[in-house]
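> Sequence and predicted model, in that order:
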Amino acid sequence: MKQLPATLLCWFGLTLSHLLVAETAAVGIRLNTVGYLPESTKRASVRTTAKEFSVVRLADQQVTLNGEIGEMVHNVDTEEDLSMIDFSPLNSPGLYCIRVKGLPDSPPFRVASDVYREPFFLVTRAMYLWRCGVAVTGEWNGRRYHHEACHTEDAWTDFVAGKHEQVTSLGGWHDAGDYNKYVVNAGITVGSLLRAWQDFGNTIGKVSLKLPESDGHLPDFLAEIKCETDWLLTMQAPDGSVYVKVSTQGFGGFILPEKEKTPRYFCPWGSAATADFVAMLAQAARAFQPYNPGYAERCLTAAKKSYAFLTAHPEDHAPDQSHFKTGAYPTTDPDDRLWAAAEIWETTGDEAALGDLESRILKLNTKFQEDFDWSQVKNLGLLTYLFSKREGRKAEFVRDIRLNLLAVSDTIVGKARAHGYARPLFTKYYWGGNGGVARQALLLEAAYRLTGDKAYHQTTIDALNYLFGRNVDGRSYVTGLGHNPPMHPHDRRSGGDEVDQPWPGYLVGGPHPKANSWKDVESNFSLNEIAINWNGALIYALASVVEE
């Protein structure tokens with residue numbers, strides 16, 4: 001059994017005794033244990049009948065702020081009576097804790113303009129540590145994480161060509177707690193990451209991720225995405241259709257990836273996967289164009305080929321996955337085709353693609369889905385259409401999409417304000433719900449760009465506050481970060497190596513079906529798995545708060 005680490009507290013130079021004191025505080029004062037930006041709203045949730053609080057600077061044990069605790073309100077989903085501590089006036093950089101009579105001190109937290117730089121680095125670099133087909137090495141909190149080159153025989157064609165032949169499909173990211181690679185889940189992940197590049201590239205492009213490709217022609221953030229798009233290019237069949245996954249036939253054990261020798265196969269094509277491929281590669285072509293025009297053209301050529309295939313095959317086609325017991329990612333394709341048309345049009349200006357896109361918008365309507373993931377990518381297409389600088393869009397569509405974006409974002413803001421922990425998804429809990437919490441940022445930040453209303457951006461920060469400790473568990477949900485983070489994620493590397501901490505930088509799925517049902521148990525994949533789509537959502541949210 002792995003031992004509880006000091007994690008981020010050691011990073012701040014605190015001792016194990018500080019950690020043990022802070023451990024008991026989780027049941028009392030719940031807050032963002034990573035920290036707060038100086039000018040942001042700063043709030044904690046607490047179960048107490050006390051009326052006052054103080055903020056203590058740990059360097060000299062000086063009280064820097066006193067205040068009154070808010071009135072107690074019943075929080076329905078967690079079945080708790082909670083009061084709010086508002087310490088927003090605290091804006092001087094430093095390391096602090098909150099003190100309330102009758103409770104242990106809160107976990108330590110930082111106030112600093114760069115408070116999210118290390119989390120952004122760690123969560124984004126976790127994508128590198130997910131790489132398949134190559135050896136990877138990382139260090140965190142004095143520990144070394146490493147696996148050798150793995151799955152170097154990817155992949156076999158038995159179920160797509162009817163004969164046992166090997167076709168190279170190396171690279172990409174392991175999808176989740178398992179080692180397989182799935183195109184549909186890559187869709188929402190790469191789409192979110194490229195959206196982050198489009199929205200925040202000027203800032204995140206300056207952050208070194210310490211990759212093997214660092215100091216090359218590509219910014220590190222794009223270099224990591226390229227690892228996945230390189231693999232995606234191998235998933236295109238000669239006719240333009242796209243295989244849905246490279247996978248073993250069943251899930252493997254908790255061993256390091258290089259020890260998994262079970263044969264891996266291409267799974268037959270699907271129309272949703274093909275449409276997601278089109279969208280990702282067309283979007284990537286725009287991102288890579290300033291840095292590697294040749295690669296950008298390769299991406300766009302592949303996207304056009306698969307888009308032509310989709311045009312010639314308009315039916316929704318689900319792949320035959322009867323030979324596999326691994327992740328199916330089942331979904332129908334109308335929203336995926338809409339997104340594909342949006343990215344093809346935005347990259348090329350093709351009028352036929354614009355007509356295709358607008359006809360699909362008409363069929364599916366201009367409304368955004370408040371909560372979305374790999375099976376609902378319509379939002380990505382609508383955002384591309386709304387923020388496009390190209391001419392030719394229907395004015396009524398632009399107007400309605402804008403109004404609907406603001407309406408759904410207002411709903412998210414209202415739900416966060418009504419919740420005892422300011423959770424933007426309010427009382428909705430499901431497998432991977434933590435990823436859904438983070439993914440609200442794609443809508444909120446779009447609304448913020450349109451209006452400049454800081455309430456939208458603050459709600460993105462509320463989502464991060466929740467994920468880093470202002471929650472019913474009083475714990476960070478990201479391995480290696482914050483107070484008492486997950487120690488036993490459903491992750492085959494963490495379960496299969498000899499390191500006494502899990503691989504760092506991964507958001508676990510979180511509680512469901514109830515708010516207080518999360519358990520830090522390795523075998524419980526529905527609560528404690530990790531996945532690229534959840535990390536991709538968290539990376540986007542963190543990108544919005546990385547300092548200039």
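All right, it came through fine.
> now the helices for the stretch 201-350 of the chain?
Assigned by DSSP state H, counting those that start in this stretch, the stretch 201-350 of the chain shows helices spanning 220-233, 271-288, 293-312, 334-348.
> tell me the angle of the second one relative to helix 220-233?
Between the axis of helix 271-288 and that of helix 220-233 there is an angle of 140 degrees, by axes from the mean of the first three to the mean of the last three Cα atoms, to 10 degrees.
> tell me what helix 271-288 is packed against?
With contacts defined as 3 or more Cβ pairs under 8 Å, 6 or more residues apart in numbering; DSSP states H and E, helix 271-288 has these neighbours: helix 183-204, helix 220-233, helix 293-312, helix 334-348, helix 378-387. In this view, the C-beta of every residue, glycine as well, is placed from N, C-alpha and C.
> Could you identify which of those is most buried?
With neighbours defined as mean count of other Cβ atoms under 10 Å, the helices and strands packed on helix 271-288 peak in mean count at helix 334-348, which reaches a mean of 27.
> can you pull out the strands in this protein?
Taking DSSP state E to define them, one finds strands in the chain at 29-30, 35-36, 43-46, 52-57, 62-68, 73-75, 80-86, 94-99, 109-111, 136-140, 143-147, 181-182, 243-247, 265-269.
> would you list the helices and strands packed on helix 271-288 in CSV and tack on mean pLDDT?
Output for the helices and strands packed on helix 271-288, formatted as CSV (pLDDT from 0 to 100):
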stretch, mean pLDDT
helix 183-204, 98
helix 220-233, 98
helix 293-312, 98
helix 334-348, 98
helix 378-387, 98
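> Distance from stretch 404-411 to the middle of the chain?
21 Å (Cα atoms, centre = their mean, to the nearest Å).
> Buried residues in that stretch, which are they?
404-406, 408-409 (16 or more other Cβ atoms under 10 Å).
> which of these lies closest to T203?
Nearest to T203 out of the buried residues of stretch 404-411 is S409 (Cβ to Cβ; 21.6 Å).
> so who does that closest one touch?
Neighbour list for S409: 443-444, 446-447, 456 [criterion: Cβ atoms under 8 Å, 6 or more residues apart in numbering].
> most residues in a single helix of this structure, which one?
helix 395-418 (DSSP state H).
> and that helix, what's its mean pLDDT?
For helix 395-418, mean pLDDT is 98.
> Can you tell me which of the contacts of S409 has the most neighbours?
Among the contacts of S409, the one with the most neighbours (other Cβ atoms under 10 Å) is L444, at 29 neighbours.
> Which pLDDT value belongs to it?
L444 is assigned 98 on the pLDDT scale.
> and stretch 420-428, which residues are buried?
For stretch 420-428, the neighbour count (16+ other Cβ under 10 Å) marks 420-426, 428 as buried.
> still on that earlier bit, any chance of the helices and strands packed on helix 271-288 in JSON lines, plus distance to R99?
As requested, the helices and strands packed on helix 271-288 are exported to JSON lines (distance: least, Cβ to Cβ, whole Å):
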{"stretch": "helix 183-204", "distance to R99": "35"}
{"stretch": "helix 220-233", "distance to R99": "40"}
{"stretch": "helix 293-312", "distance to R99": "54"}
{"stretch": "helix 334-348", "distance to R99": "49"}
{"stretch": "helix 378-387", "distance to R99": "42"}
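> ok, how many other residues are close to the nearest residue to P330 once chain neighbours are set aside?
In space, P330 comes closest to A318 once its chain neighbours are excluded; the distance is 6.9 Å by Cβ to Cβ, 6 or more residues apart in numbering. The burial count assigned to A318 is 16, neighbours taken as other Cβ under 10 Å.
> same question, D114
Around D114 there are 13 residues (other Cβ under 10 Å).
> can you check D60 too?
Counted with other Cβ under 10 Å, the neighbours of D60 add up to 8.
> Would you check how far apart it and A541 are?
Distance of D60 to A541, computed by Cβ to Cβ, to the nearest Å: 33 Å.
> likewise A149?
32 Å.
> the more surrounded of the two?
Neighbours per residue (other Cβ under 10 Å) separate A149 from A541, with A541 holding more: 27 against 14.
> Quick check: chain neighbours aside, which residue is closest to the more buried one?
A441 (3.8 Å).
> what's the burial count for the one you found?
31.
> wait, what's in contact with it?
460, 463, 537, 540-541, 544.
> among these, who's most crowded?
For the contacts of A441, neighbours tallied by other Cβ under 10 Å; top is A537, 30 neighbours.
> what's the pLDDT at it?
Per-residue pLDDT puts A537 at 98.
> Does it touch L443 like I think?
No. Between A537 and L443 no contact is recorded; they are 11.3 Å apart, counting by Cβ atoms under 8 Å.
> CA atoms only: put stretch 271-291 into PDB for me.
Extracted C-alpha coordinates of stretch 271-291, given in PDB (Å, rounded to 0.1, in the frame of the first residue of the first chain):
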ATOM      1  CA  SER A 271     -18.700   7.900 -38.800                       C
ATOM      2  CA  ALA A 272     -18.500   9.800 -35.500                       C
ATOM      3  CA  ALA A 273     -14.800   9.000 -35.200                       C
ATOM      4  CA  THR A 274     -14.200  10.000 -38.900                       C
ATOM      5  CA  ALA A 275     -16.000  13.300 -38.300                       C
ATOM      6  CA  ASP A 276     -14.000  14.000 -35.100                       C
ATOM      7  CA  PHE A 277     -10.800  13.200 -37.100                       C
ATOM      8  CA  VAL A 278     -11.800  15.800 -39.700                       C
ATOM      9  CA  ALA A 279     -12.500  18.400 -37.100                       C
ATOM     10  CA  MET A 280      -9.200  17.800 -35.100                       C
ATOM     11  CA  LEU A 281      -7.000  17.700 -38.200                       C
ATOM     12  CA  ALA A 282      -8.600  20.800 -39.800                       C
ATOM     13  CA  GLN A 283      -8.300  22.700 -36.500                       C
ATOM     14  CA  ALA A 284      -4.700  21.500 -36.100                       C
ATOM     15  CA  ALA A 285      -3.800  22.700 -39.600                       C
ATOM     16  CA  ARG A 286      -4.600  26.300 -38.500                       C
ATOM     17  CA  ALA A 287      -2.600  26.000 -35.300                       C
ATOM     18  CA  PHE A 288       0.500  24.400 -36.900                       C
ATOM     19  CA  GLN A 289       0.600  26.700 -40.000                       C
ATOM     20  CA  PRO A 290       2.800  29.500 -38.600                       C
ATOM     21  CA  TYR A 291       5.300  27.000 -37.300                       C
END
